[in-house]
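Below are the sequence and a predicted model; questions follow.
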Amino acid sequence: AARAAAAGLCIARRAPGPIARALAMALRRYAFGAAALSAARVFQLAMSFVAVPFLARLLPPSEFGLVALALALVAFMLYMGDAGLAKSLVRTDAGDTLVWSSVFWATLAFTGALSLALVALSFPAAHFFEQPRLLPIMIALSCLPLVQGFLAAPTADLTKREKFITLAVSEFVSAIAGVVIAIWMAYEGFGAWALVAQNIALWGVKAIVIIAASTFRPRFVFSFDRLNEHLIFARDTLGFAVTSFIGRQTDQLVIGKMIGTAALGLYSIAFRIMSLPAHIVGGSIQSALFPKFVQLRDDLPRLRQLVLMSTAAQAALVFPGMAALAASSHAFFTLLLSERWSEGAIIFALMAPAGALQTVTNMNGVLLQSIGRTGVRLRLTVEYALLWVIAAPLLSLISLEAVAFGFSALFLFYLPRLLHLYLAPIGCSMSDYLKALAAPTAVALALYGVHVATVATLHPTPWEEALLAVVELIAAYLAYVLIGWRRLRAGFIEMRSLFSGAP
């Protein structure tokens with residue numbers, strides 16, 4: 001039977017026909033969906049970058065720091081969000097309207113409670129951080145968890161039907177609206193409220209597009225008994241959300257309290273840039289792959305192969321770019337944000353290694369969810385969060401740079417443990433995983449070394465250094481493709497075979 005299956009796969013690869021065409025169409029559909037979401041994230045973040053140079057010249061770092069402090073608290077509620085209930089719906093038949101409606105109402109009630117809790121927390125938060133202006137800003141942003149909850153089921157509907165283009169459009173339109181409003185309000189002198197309005201507009205416009213496109217309409221029914229499977233999924237996801245918030249936001253809360261909002265402003269901008277690959281490449285590709293992971297959850301060899309190939313592809317895209325930006329960070333920060341933000345360049349460069357690796361390893365979340373191992377995902381997050389909660393306050397006593405360095409050092413220290421728990425459920429060895437990262441890592445290190453040596457020799461201006469980094473990055477990508485052309489072609493053929501299976 002195994003030989004017959006292998007022979008059938010060989011025929012599907014070699015011979016044109018309905019099977020081969022269906023195979024190619026399946027791959028193109030997923031690839032196009034991932035590309036559409038990636039393009040939307042790129043556009044959204046590009047719009048943010050268009051806005052940042054203007055906003056950085058209109059607003060001081062302290063205004064960015066104040067809003068970053070508020071968003072760090074709001075992020076806690078957004079991380080809890082729908083508690084994973086809506087994502088669990090992707091595994092449920094869309095015709096089961098009782099379950100879908102029950103999840104919708106449960107999610108709406110939960111996120112409504114989170115919004116109210118955020119209002120209640122705004123008073124003690126403003127007192128604790130000694131920032132009276134934090135109170136009205138947090139109250140204004142308290143609507144975001146409720147909007148997120150309202151969108152959870154419609155977004156799950158679009159994801160299940162693979163309407164990635166629609167999701168991409170919602171990202172495009174909302175990004176434009178948020179940036180336009182932020183720049184206008186900053187120019188008119190609204191200060192930090194320009195950044196607040198940007199976030200509210202982004203979620204509001206996204207809600208309009210997604211609700212209009214989704215076919216899901218809730219019924220006025222509710223069955224607690226039908227939620228049992230989804231509640232187990234949500235329990236672990238909620239635990240993940242809480243501990244993930246602690247792990248990701250501890251540094252910003254500590255910096256805001258112990259070093260100040262101006263330092264937090266520098267750190268938040270550097271952190272935002274460091275997180276770009278995770279949003280542009282990682283998030284969109286992982287969202288598009290989640291339905292396929294669910295389909296392959298009982299076929300571990302093919303699932304393992306898809307994970308390794310997706311890992312190598314993401315690393316090839318991210319590692320060289322992050323190396324180029326880290327090596328020339330001072331030039332880019334000075335040119336894009338002005339000289340007063342140049343101190344953020346070293347912060348970014350210190351966090352860049354962790355940012356590049358996190359983009360790739362973050363796939364553990366959707367993989368472990370797809371195979372029902374949310375408990376492992378929760379364990380990973382809890383362990384890392386505990387380490388960071390201990391380290392971040394101690395590092396903040398030294399300096400802002402120490403916090404940034406510790407961010408990367410701690411992630412590298414925990415990486416072997418993360419890979420062990422991430423790879424074991426799919427039977428993947430750590431050596432195979434590291435082989436997938438070897439070539440992109442070598443290219444990135446070579447690019448970084450060449451850039452540093454060239455700058456030390458030629459002493460270029462910021463404009464010249466930025467141009468040099470771009471040229472080096474293009475050369476690195478070309479070298480990677482030319483040297484590994486056979487391997488890349490073989491990988492593409494293998495990827496086609498992975499998408500040939502029926503759901």
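Cool, the structure landed.

Only C-alpha atoms from now on, for both contacts and neighbour counts.
OK.

Need phi/psi at Gly189.
phi 90, psi 20 (degrees, to the nearest 10).

so how far is Leu59 from it?
Note on Gly189: its distance to Leu59, by Cα to Cα, to the nearest Å, is 9 Å.

Mind checking which of the two has more residues around it?
Set Gly189 next to Leu59 and count neighbours by other Cα atoms under 10 Å: Leu59 wins out with 19 against 12.

any idea how far the residue lying closest to that one once chain neighbours are set aside lies from Met185?
Nearest non-adjacent residue to Leu59, counting by Cα to Cα, 6 or more residues apart in numbering: Gly191, 6.4 Å away. Taking Cα to Cα as the measure, Gly191 falls 8 Å from Met185.

got it, and Thr215?
As for Thr215, its distance to Met185 is 35 Å (criterion: Cα to Cα).

In terms of packing, which of the two has more residues around it?
Met185 (19 against 12).

Tell me if I'm right that that one and Val196 touch.
No: taking Cα atoms under 8 Å as the definition, Met185 is not a contact partner of Val196, at 10.0 Å.

quick revisit: number of nearby residues for the residue nearest to Leu59?
Neighbour count of Gly191, defined by other Cα under 10 Å: 18.

so where's the stretch 1-150 of the chain shaky on pLDDT?
For the stretch 1-150 of the chain, the stretches flagged by pLDDT under 70 are 1-50, 52-53, 81-91.

what secondary structure does Pro132 sit in?
Under DSSP: H, G, I helix; E, B strand; the rest coil, the three-state class of Pro132 is coil.

and the helix or strand where Ala153 lies, what other elements does it pack with?
Using DSSP states H and E, Ala153 sits in helix 144-160. When contacts are defined as 3 or more Cα pairs under 8 Å, 6 or more residues apart in numbering; DSSP states H and E, helix 144-160 sits against helix 61-80, helix 85-89, helix 97-128, helix 164-187, helix 193-213.

tell me which strands and helices the longest one is in contact with?
Applying 3+ Cα pairs under 8 Å, 6+ apart, one finds that helix 97-128 makes contact with helix 61-80, helix 85-89, helix 134-141, helix 144-160.

Let me have these in CSV, extended by distance to Phe348.
Formatted as CSV, the helices and strands packed on helix 97-128 follow (distance: least, Cα to Cα, whole Å):
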stretch, distance to Phe348
helix 61-80, 16
helix 85-89, 32
helix 134-141, 26
helix 144-160, 28
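
Save those as a markdown table, and put in mean neighbour count too.
Output for the helices and strands packed on helix 97-128, formatted as a markdown table (neighbours: other Cα atoms under 10 Å):
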| stretch | mean neighbour count |
| --- | --- |
| helix 61-80 | 22 |
| helix 85-89 | 24 |
| helix 134-141 | 19 |
| helix 144-160 | 23 |
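
Show me the one of the ones you listed that comes nearest Asp432.
Among the helices and strands packed on helix 97-128, the nearest to Asp432 by Cα to Cα is helix 85-89 (29.6 Å).

so which of the helices and strands packed on helix 97-128 gets nearest Val471?
For Val471, the closest of those is helix 61-80, at 31.3 Å, according to Cα to Cα.

Between helix 97-128 and the closest one, find me the angle.
150 degrees (axes from the mean of the first three to the mean of the last three Cα atoms, to 10 degrees).

For helix 61-80, which outside residues touch it?
The contact list for helix 61-80 (Cα atoms under 8 Å, 6 or more residues apart in numbering) reads 111, 114-115, 118, 134, 137-138, 141-142, 144-145, 148, 191-192, 195-196, 238, 241-242, 244-245, 249, 252-253, 256, 261-266, 268, 341.

helix or strand right after the helix or strand containing Ile285?
Taking DSSP H and E as the criterion, Ile285 maps to helix 284-295. For helix 284-295, the succeeding helix or strand toward the C-terminus, using DSSP H and E, is helix 300-327.

For that next one, which helices and strands make contact with it?
Looks like helix 300-327 contacts helix 344-361, helix 430-458, helix 462-483, helix 485-498 (3+ Cα pairs under 8 Å, 6+ apart).

Any idea which of the helices and strands packed on helix 97-128 gets closest to Val382?
helix 61-80 (14.4 Å).

can you list contacts of stretch 177-185?
Residues outside stretch 177-185 that contact it (Cα under 8 Å, 6+ apart): 47-48, 51, 54-55, 191, 193-195, 197-202, 205.

Can you dump the C-alpha atoms of that stretch in PDB for me?
Extracted in PDB, the C-alpha atoms of stretch 177-185 (Å, rounded to 0.1, in the frame of the first residue of the first chain):
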ATOM      1  CA  ALA A 177      -7.700  55.300   7.900                       C
ATOM      2  CA  GLY A 178      -5.600  55.000  11.000                       C
ATOM      3  CA  VAL A 179      -2.600  56.700   9.500                       C
ATOM      4  CA  VAL A 180      -4.500  59.600   7.900                       C
ATOM      5  CA  ILE A 181      -6.300  60.300  11.200                       C
ATOM      6  CA  ALA A 182      -3.100  60.100  13.300                       C
ATOM      7  CA  ILE A 183      -1.100  62.500  11.100                       C
ATOM      8  CA  TRP A 184      -4.000  65.000  10.800                       C
ATOM      9  CA  MET A 185      -4.600  65.000  14.600                       C
END
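
buried sites along that stretch?
Buried residues in stretch 177-185, defined by neighbour count with 16 or more other Cα atoms under 10 Å: 177-179, 181-183, 185.

Let me have those residues in a markdown table, adding pLDDT as columns.
Shown next, in a markdown table, are these (pLDDT from 0 to 100):
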| residue | pLDDT |
| --- | --- |
| Ala177 | 90 |
| Gly178 | 89 |
| Val179 | 86 |
| Ile181 | 92 |
| Ala182 | 90 |
| Ile183 | 89 |
| Met185 | 91 |
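
Near Gly112, how many other residues are there?
If we define neighbours as other Cα under 10 Å, then Gly112 has 22 of them.

Please tell me how far the residue lying closest to it once chain neighbours are set aside sits from Leu202.
Excluding its sequence neighbours, the residue lying closest to Gly112 (Cα to Cα, 6+ apart) is Leu146, at 5.0 Å. Distance, Leu146 to Leu202, using Cα to Cα: 14 Å.

Over to Ala262?
For Ala262, the distance to Leu202 equals 25 Å [Cα to Cα].

The two: which has the busier surroundings?
Ranked by neighbour count (other Cα under 10 Å), Ala262 and Leu202 place Leu202 first, with 22 against 18.

ok, the more buried one touching Ala175?
Yes: at 6.0 Å, Leu202 counts as touching Ala175 under the criterion of Cα under 8 Å.

I'd like to know how many residues surround the nearest residue to Ala326 once chain neighbours are set aside.
Excluding its sequence neighbours, the residue lying closest to Ala326 (Cα to Cα, 6+ apart) is Ala349, at 4.6 Å. Counted with other Cα under 10 Å, residues neighbouring Ala349 total 23.

What separation is there between Ala349 and Glu63?
Ala349 sits 23 Å away from Glu63, going by Cα to Cα.

coming back round to it: for the residue nearest to Ala326, give me its contacts.
325-327, 329.

got it, and Leu58?
Contacts for Leu58 were tallied using Cα under 8 Å, 6+ apart; they are 186-187.

For Glu188, see how far away it is.
Note on Leu58: its distance to Glu188, by Cα to Cα, is 10 Å.

Does Leu303 touch Gly427 like I think?
No: Leu303 is not in contact with Gly427 according to Cα under 8 Å; the separation is 9.8 Å.

Look at those two and report which has more neighbours.
Each of Leu303 and Gly427 has its neighbours counted (other Cα under 10 Å); Leu303 has more, 22 against 12.
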